[in-house]
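S.K.: take this sequence and fold it.
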Amino acid sequence: MEPACVRQDELPQTSKLFADFLYRFERVAAFYAWPPHDPASYAAAAVRIEYPIERRAALVAALRAQNGGNPDLDTLAQPGAVAVVTGQQVGLFSGPCYAIYKALTAIQLARRITSAGIPAVPIFWLATEDHDFAEVNHCWVFDAAQRPVRLEIPGTNPERRPVGEIPVENPPVDGLRQALRDFPFGEEIVAAVEDAYAPGATFGSAFARLLQRLLPGLLCLDPLDPALRRLAAPLLGQAVEAAPQLAARLAERSRQLTAAGYHTQVHLEEHTSLVFLLENGRRLALDRRDAGYSALSNRPEQLSPNALLRPVVQDYMLPTVAYVGGPAEIAYLAQSQAIYEELRRPMPVAVQRQSATLLDARSGKLMERYGLALPDLFRGEEPLRERIARTLVPAELAATIADTKSESAHALDLLDASLEGFDPTLAAALATSRRKIAWQFSKIERKVGREALRRDERAAEGARWLNNLIYPEKHLQERFYSILPFLARHGLGLIERLSEKLTPDCRDHRVLAP
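M.R.: As a prediction, the model looks like this:
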């Protein structure tokens with residue numbers, strides 16, 4: 001599997017903030033604690049971690065209850081050991097591919113830090129406290145004909161329950177089996193999913209079980225655990241008490257980001273609360289103007305952080321040396337840094353997760369045959385079909401069209417020169433007519449290409465195949481499909497091959513083909 005690279009700023013919807021974080025860090029350095037691509041950052045960040053012995057013992061005990069006898073817990077129990085943390089919503093059937101890429105990045109980075117002399121373990125934070133059911137109740141896979149298939153558990157979450165505690169009722173395993181049935185490793189993957197989503201499983205427990213089946217030994221952390229809630233309580237109470245100062249600091253940070261030409265990932269109103277209340281099985285939104293808001297500092301074990309406060313709480317609970325995030329999370333941290341500073345908490349190194357598009361043998365051959373690079377596929381299926389169609393036009397016809405365009409352009413040049421000397425206003429009118437003529441030529445070329453594509457059904461099918469695999473529904477593959485169909489096609493050994501190629505020091509998007 002030999003990787004090719006595409007710059008992240010060539011991908012659709014890459015934000016200016018994220019692109020500068022990757023390629024021009026000096027522009028955003030004021031919003032982050034450490035330069036992410038300097039190996040010395042990890043040792044420097046580790047030195048700043050203040051992690052009491054009692055908290056470490058409580059953490060290891062709680063994680064042991066969740067993860068059994070994982071040997072990484074013995075490492076984490078050592079004084080001075082650190083964590084490389086990542087996380088994701090507990091989406092159905094492992095959620096999008098990038099959840100796996102986050103975990104692989106954290107695993108590789110922890111190994112690298114350990115080899116440099118600092119004991120480090122990877123930890124996957126399960127976002128079980130979130131209440132957005134629509135984000136976790138479905139996933140996309142594809143079948144052997146490269147057709148996208150949506151699998152879903154119907155329903156809503158009007159009670160705003162933390163999704164990690166919601167039982168998974170009637171998981172669409174039969175639909176998954178139907179989609180994967182013609183892949184060589186389909187039954188093996190379905191069996192792993194059936195085991196994870198056995199009766200009685202919740203969204204949180206099933207996600208963790210499947211993730212650890214795919215990535216054996218990975219430590220998972222469920223923050224809904226009462227022992228871990230007690231661990232987070234002091235920082236949450238402090239955040240409530242400091243709410244006015246935090247609001248002012250965040251408002252100033254939003255102004256700074258906007259002035260620098262960046263977006264603010266999380267929009268905050270003047271009285272926005274940074275915490276939710278967990279009460280009677282519900283996650284309730286709060287407003288700082290609510291009666292009794294300040295008294296919540298006396299109930300910190302019932303509080304749940306919002307997206308900006310969560311990383312600070314996480315890094316209070318854990319001896320975090322580095323946090324692995326995607327583009328949105330990296331943007332969150334540019335705002336969250338203000339909270340770290342106000343609460344006098346050390347901020348870890350922010351590291352971008354590895355990013356990839358996986359090709360199969362057919363897609364690789366199709367791209368080579370039609371001279372396509374990955375960015376050529378980011379405009380949608382119709383432009384892709386037109387691009388392929390141009391390669392199918394007979395050479396003689398293509399040459400005739402090109403010659404006709406050239407002769408027309410030459411004749412119009414002569415006419416333009418003559419009109420300019422006769423009446424400049426007529427020359428201006430000719431310019432308008434010339435644009436119309438050029439448009440007509442383009443229209444003819446498109447029609448010729450479409451006819452060529454119509455006559456070549458194999459090429460038309462190839463365009464559909466490529467679009468469905470690489471840019472389905474105008475989304476990046478890693479943000480759309482679960483990893484499951486790729487494993488059904490290539491086997492569980494794909495995970496290890498990805499681990500070897502998705503190295504933490506690459507800033508670009510990888511294009512990988514088995």
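S.K.: against residue 436, how distant is the residue lying farthest from the centre of the chain?
M.R.: In the chain, residue 422 marks the outermost C-alpha relative to the chain mean, sitting 61.5 Å out by CA atoms, centre = their mean. The spacing between residue 422 and residue 436, counted by CB to CB, to the nearest Å, is 21 Å. Placement of C-beta: from N, CA and C, glycine included.
S.K.: one more: residue 302?
M.R.: 69 Å.
S.K.: of those two, which one has the most company?
M.R.: Residue environment comparison for residue 302 versus residue 436 gives the larger neighbour count to residue 302, 16 against 9, counting by other CB atoms under 10 Å.
S.K.: pretty sure that one is touching residue 279, no?
M.R.: Yes - under the criterion of CB atoms under 8 Å, residue 302 makes contact with residue 279 at 6.2 Å.
S.K.: flag the shaky bits of the stretch 401-514 of the chain, pLDDT-wise.
M.R.: Judged by pLDDT under 70, the stretch 401-514 of the chain has its weakly predicted residues at 401, 403, 448-449, 452-456, 514.
S.K.: tell me where it has strands.
M.R.: Under the criterion DSSP state E, counting those that start in this stretch, strands of the stretch 401-514 of the chain are mapped to 509-512.
S.K.: where exactly do the helices run in it?
M.R.: 424-455, 457-470, 477-480, 484-490, 493-501 (DSSP state H, counting those that start in this stretch).
S.K.: can you put the ones you listed in CSV and add distance to residue 115?
M.R.: Formatted as CSV, the helices of the stretch 401-514 of the chain follow (distance: least, CB to CB, whole Å):
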stretch, distance to residue 115
helix 424-455, 52
helix 457-470, 35
helix 477-480, 27
helix 484-490, 28
helix 493-501, 15
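S.K.: next, the closest residue to residue 299 other than its chain neighbours: secondary structure please.
M.R.: When the adjacent residues along the chain are set aside, residue 299 lies closest to residue 277, with 7.9 Å between them (CB to CB, 6 or more residues apart in numbering). Three states are possible here, and by DSSP: H, G, I helix; E, B strand; the rest coil the one that applies to residue 277 is strand.
S.K.: and residue 277, how many neighbours does it have?
M.R.: Residues lying near residue 277 (other CB under 10 Å) number 18.
S.K.: got it, and residue 27?
M.R.: The number of residues packed near residue 27 is 16, by other CB under 10 Å.
S.K.: same deal with residue 435?
M.R.: 10.
S.K.: roughly how far apart are it and residue 407?
M.R.: Looking at residue 435 against residue 407, where the rule is CB to CB, the gap reads 18 Å.
S.K.: residue 37 - that's part of a helix, no?
M.R.: No - under the criterion used here (three-state DSSP), residue 37 is coil, not part of a helix.
S.K.: is it true that it touches residue 507?
M.R.: Yes - using CB under 8 Å, residue 37 and residue 507 qualify as a contacting pair, with a distance of 7.2 Å.
S.K.: contacts only, for residue 32.
M.R.: Counting by CB atoms under 8 Å, 6 or more residues apart in numbering, residue 32 touches 21, 25, 333, 334, 337, 347, 350.
S.K.: restricted to helices, list these.
M.R.: 21, 333, 334, 337 (DSSP state H).
S.K.: can I get the residues you listed in TSV with pLDDT and distance to residue 497?
M.R.: Output for the ones in helices among the contacts of residue 32, formatted as TSV (pLDDT from 0 to 100; distance: CB to CB, whole Å):
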residue	pLDDT	distance to residue 497
21	98	28
333	97	30
334	97	34
337	97	36
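S.K.: could the residues you listed be laid out in JSON lines, adding distance to residue 321 and neighbour count?
M.R.: Listed next are those as JSON lines, based on distance: CB to CB, whole Å; neighbours: other CB atoms under 10 Å:
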{"residue": "21", "distance to residue 321": "18", "neighbour count": "27"}
{"residue": "333", "distance to residue 321": "15", "neighbour count": "23"}
{"residue": "334", "distance to residue 321": "19", "neighbour count": "25"}
{"residue": "337", "distance to residue 321": "16", "neighbour count": "21"}
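S.K.: quick check, nearest of those to residue 52?
M.R.: Of all the ones in helices among the contacts of residue 32, the one sitting nearest residue 52 is residue 337; the distance, using CB to CB, is 23.5 Å.
S.K.: wait, that closest one touches residue 250, no?
M.R.: No - proximity of residue 337 to residue 250 does not meet the contact threshold set by CB under 8 Å, at 10.1 Å.
S.K.: please name the nearest non-neighbouring residue to residue 154.
M.R.: Excluding its sequence neighbours, the residue lying closest to residue 154 (CB to CB, 6+ apart) is residue 137, at 7.6 Å.
S.K.: now the phi/psi pair for that neighbour, please.
M.R.: Dihedral pair for residue 137: phi -90, psi 10, per degrees, to the nearest 10.
S.K.: now it: how far from residue 224?
M.R.: Counting by CB to CB, the gap from residue 137 to residue 224 is 18 Å.
S.K.: neighbour count winner among these two?
M.R.: Neighbour tally, residue 137 and residue 224, criterion other CB under 10 Å: the higher count belongs to residue 137, 20 against 16.
S.K.: what sits against that one?
M.R.: Under the criterion of CB under 8 Å, 6+ apart, the contact list for residue 137 reads 92, 152, 153, 154, 155.
S.K.: the last one: neighbour count?
M.R.: If you count neighbours by other CB under 10 Å, residue 155 ends up with 11.
S.K.: isn't residue 350 right next to residue 325, touching?
M.R.: Yes - with contact defined as CB under 8 Å, residue 350 reaches residue 325; the gap is 6.6 Å.
S.K.: overlap in contacts of these two?
M.R.: Overlap between the contact sets of residue 350 and residue 325, as judged by CB under 8 Å, 6+ apart, is given by residue 333.
S.K.: just to revisit the earlier point, save the contacts of residue 32 as JSON lines, and put in distance to residue 379 too.
M.R.: As requested, these are exported to JSON lines (distance: CB to CB, whole Å):
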{"residue": "21", "distance to residue 379": "26"}
{"residue": "25", "distance to residue 379": "30"}
{"residue": "333", "distance to residue 379": "31"}
{"residue": "334", "distance to residue 379": "30"}
{"residue": "337", "distance to residue 379": "36"}
{"residue": "347", "distance to residue 379": "38"}
{"residue": "350", "distance to residue 379": "31"}
